[in-house]
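In: how would this look folded up:
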Amino acid sequence: MSTTFAVGRSDLRRTEWIEQPRVAVVAGQVRMRIDSFALTSNNITYGAFGSAMHYWDFFPLADPALGCIPVWGFATVTESRASGVAEGDRFYGYFPMADDVVLEPASVRADGFTDGALHRRELAKVYNRYLRCDADPLYDAAHEGLLALLRPLFTTSFLIEDFLHENGCFGARRVLISSASSKTAYGLAFCLAGRRAAGGGGGPTAVGLTSPGNVAFTRRLGCYDEVVRYDDIASLASGETAVYVDMSGDVGVREAVHRHWLDRLGYSCAVGATHWEHGGGGTGLPGPRPVLFFAPSQSVKRIAEVGANTFNEGLAAAWSAFVRRVGDAEHPWLRVVTGSGRAAILETYRALLDGQVPPDEGRILKM
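Out: Numbering: from 1, shown residues only. Reported below is the predicted structural model:
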């Protein structure tokens, strides 16, 4: 039997374990055992935007009321009827929260393959690529947990900073980042600081907006120029243009930022939904209408402009610097916590829904 963790598409608090007979592997397919995966607030964002951004479509379920939230992790091929992919090969990629998955390798190369399943062909290509561990320049067995936890999030951070830089940060000198203790948020702050350092100190500063309980942690990171509680947003100087990067999705925080900066808010970028239960639209707000940022689109655009090699080299350099800082032996930003089985998965999922996972903790799970 194959087991999958499912949630309600319209009610993320509804959870269900689905057990069904394993499907047969036919010509052109592989079965992969999912060894481990990261479960973070980013996955809650996938659920919150599941319909709008087609996240439910990657691993569809028979019951249309239920969805499978995708996760990033590692899997081993246990059965192969696809040329170029052998049993025992191990890959990093986008998987269902399940104990196994059947994929259809296409465009097989030394470094990996693309899932060529018909239902995924119109979905964002970045999610369909599976990287062979022994050919992945970023893979390090010693940092496997950090790779699963941070690689997709930091890639988004890197692309947001790239987007802001490309647009001259919309004339802003400050970038306001909500849910500042989250991994994607402090990855963005790290990239902004790196750009300033490379440019001799120029460029916008990063202001972290966070809840009272996370202020101390966020300040300890050292990558923000300023850290402010949500309740104190109105205390910030608003005479200069700012950009808002919304990682929380909290309509109350969004409104506070828009009403404080008014027409001096150069851009409002919606990215995440860590505060998923407090979400809402952007209608009726002063200043610019919030625009949803979709990392794959920025990735495709930039690769088309500079080439895959140049893009990947830049990302790899930024990633190397970031993971060194995050995994610093004396003062790590993140510690990896592992768990296995249904109870561990359900506990972590519910804790993420309620914002109860400590910001310095990253959960790596398996069935």
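In: counting contacts, what elements does the one helix or strand Val337 maps to pack onto?
Out: Secondary structure from DSSP states H and E places Val337 in strand 335-340. Using 3 or more CB pairs under 8 Å, 6 or more residues apart in numbering; DSSP states H and E as the contact criterion, the neighbours of strand 335-340 among helices and strands are helix 144-166, helix 342-353, strand 361-366. Glycine gets a C-beta too; all of them are placed from N, C-alpha and C.
In: now that strand: mean pLDDT?
Out: Here strand 335-340 scores 95 as its mean pLDDT.
In: contact partners of that strand?
Out: Residues from elsewhere that reach strand 335-340, judged by CB atoms under 8 Å, 6 or more residues apart in numbering: 36, 145-146, 149, 345, 347-348, 360-367.
In: below-threshold pLDDT in the stretch 101-250 of the chain: ranges please.
Out: Across the stretch 101-250 of the chain, residues meeting the criterion (pLDDT under 70) sit at 200-201.
In: can you pull out the strands in it?
Out: Residue ranges of the strands in the stretch 101-250 of the chain, as given by DSSP state E, counting those that start in this stretch, are 105-109, 112-115, 129-132, 174-177, 205-210, 226-229, 242-246.
In: could you dump the helices and strands packed on strand 335-340 to TSV with distance to Met1 and mean neighbour count?
Out: Output for these, formatted as TSV (distance: least, CB to CB, whole Å; neighbours: other CB atoms under 10 Å):
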stretch	distance to Met1	mean neighbour count
helix 144-166	25	23
helix 342-353	14	17
strand 361-366	17	20
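In: pull out the buried residues from the helix or strand where Val77 lies.
Out: Secondary structure here is read from DSSP H and E; on that basis Val77 sits in strand 71-80. By 16 or more other CB atoms under 10 Å, the buried positions in strand 71-80 come out as 71-77, 79-80.
In: same check, this time on stretch 88-106
Out: In stretch 88-106, residues buried by neighbour count (16+ other CB under 10 Å) are 89-105.
In: for stretch 13-30, same thing?
Out: By neighbour count with 16+ other CB under 10 Å, stretch 13-30 contains the buried residues 15, 18, 25, 29-30.
In: which of the residues you listed fall in strands?
Out: With strands taken from DSSP state E, the overlap with those comprises 15, 18, 30.
In: so which of the helices and strands packed on strand 335-340 is nearest Gly249?
Out: Taking CB to CB, helix 342-353 is the member of these nearest to Gly249, at 13.0 Å.
In: can you give me the end-to-end distance of stretch 170-188?
Out: Using CA to CA, to the nearest Å, one end of stretch 170-188 lies 16 Å from the other.
In: give me the phi and psi angles of the nearest residue to Val77 once chain neighbours are set aside.
Out: Taking CB to CB, 6 or more residues apart in numbering, and ignoring the residues beside it in sequence, Val77 has Asp89 as its nearest neighbour in space, at 4.7 Å. In this entry, Asp89 is assigned phi and psi values of phi -60, psi 140 (degrees, to the nearest 10).
In: break the chain down into its domains, please.
Out: Residue ranges of the domains in the chain are recorded as 2-136+334-366, 150-296, according to automatic domain parsing.
In: re the thing from before, nearest to Ile44, of the strands of the stretch 101-250 of the chain?
Out: Closest to Ile44 of these is strand 242-246 (CB to CB; 14.5 Å).
In: flag every buried residue along the next helix or strand after that closest one.
Out: On the C-terminal side of strand 242-246, the nearest following helix or strand under DSSP H and E is helix 251-261. Within helix 251-261, the residues scored as buried using 16+ other CB under 10 Å are 251, 253-258, 260-261.
In: swap in stretch 229-239?
Out: 230, 233, 236, 238.
In: now do stretch 101-120
Out: Buried residues in stretch 101-120, defined by neighbour count with 16+ other CB under 10 Å: 101-105, 108, 112-117, 120.
In: next one: stretch 292-306
Out: If you call a residue buried by 16+ other CB under 10 Å, then stretch 292-306 has these buried ones: 293, 295-296, 298-299, 302.
In: could you do stretch 168-177 as well?
Out: Buried residues in stretch 168-177, defined by neighbour count with 16+ other CB under 10 Å: 169-170, 172, 174-177.
In: span of that stretch from start to end?
Out: Start and end residues of stretch 168-177 are separated by 17 Å (CA to CA).
In: quick check: Asp360 vs Val337, distance?
Out: Taking CB to CB, to the nearest Å as the measure, Asp360 and Val337 are separated by 10 Å.
In: now swap in Leu236 and tell me
Out: Leu236 is 34 Å from Val337, where distance means CB to CB.
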